[in-house]
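# Here is my input; please provide its structure:
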Amino acid sequence: MNRKLKTLSEWHNLQNKMVLLENRQVEQDKAIQRMKQEETHKELAKLKRRNEKLRRRLEKEKECPEKFSRRQKELHRQALEMIEKVENMKKNKKMKYFYRETMQEHFAVKFESYYVKVEQ
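Residues are numbered from 1 along each chain as shown. Here you go, the predicted model:
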């Protein structure tokens, strides 16, 4: 009889431990699910912000398409000129270094004055 009680009490203890483990597992599953949902919400928020920026940019382009097309053409022309200059420098090999301030003329960007080595 004593052995039965001992095994019965052991069985109850094991059963309680199983219930505790199951509860922990459920809590962990819920925590994982919350983390996944938060991650999904963050990604969706990023996508919404990106879409909103694109939508605003498209609206601006619709308002004044000629301004954007002119700017695009000018940037394209400047890029082609710069590529041509670099190619000529490579062919001539007269200038090993290209002074960065000359890029200001083409890109209207202020750079620190230092040399950029042209690849040969």
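
# Just the pLDDT for Arg24.
For Arg24, the pLDDT comes out at 95.

# Thr40 too?
88.

# That one: how many residues sit nearby?
10 (other C-beta atoms under 10 Å). Placement of C-beta: from N, CA and C, glycine included.

# same check, this time on Lys42
10.

# which of the residues in the host helix or strand of Asn88 are buried?
Element membership of Asn88 [criterion: DSSP states H and E] is helix 65-92. For helix 65-92, burial by neighbour count (16 or more other C-beta atoms under 10 Å) applies to Met82, Lys85, Met89.

# TSV for the residues you listed, including distance to Glu52?
Formatted as TSV, those follow (distance: C-beta to C-beta, whole Å):
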residue	distance to Glu52
Met82	34
Lys85	39
Met89	43
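
# Would you check the residues you listed and say which has the weakest pLDDT?
Met89 (70).

# how near is it to Lys53?
For Met89, the distance to Lys53 (C-beta to C-beta, to the nearest Å) stands at 38 Å.

# quick one, domains of this protein?
Residue ranges for the domains of the chain, per automatic domain parsing: 1-63, 78-120.

# Lowest mean pLDDT across those, which one is that?
Looking at the domains of the chain, the bottom one is domain 78-120 with a mean of 58.

# Could you pull out the helices in this protein for me?
Using DSSP state H, the helices of the chain run over 2-63, 65-92, 102-107.

# Next, the angle helix 65-92 makes with the longest one.
Using axes from the mean of the first three to the mean of the last three C-alpha atoms, to 10 degrees, one finds that helix 2-63 and helix 65-92 are set 90 degrees apart in direction.

# count of neighbours near Lys48?
Lys48, neighbours per other C-beta under 10 Å, totals 10.

# now it: how far from Lys62?
As judged by C-beta to C-beta, Lys48 and Lys62 stand 21 Å apart.

# ditto for Glu43
From Glu43 to Lys62 the distance is 28 Å (C-beta to C-beta).

# Gln72 now?
15 Å.

# cool, and Leu44?
26 Å.
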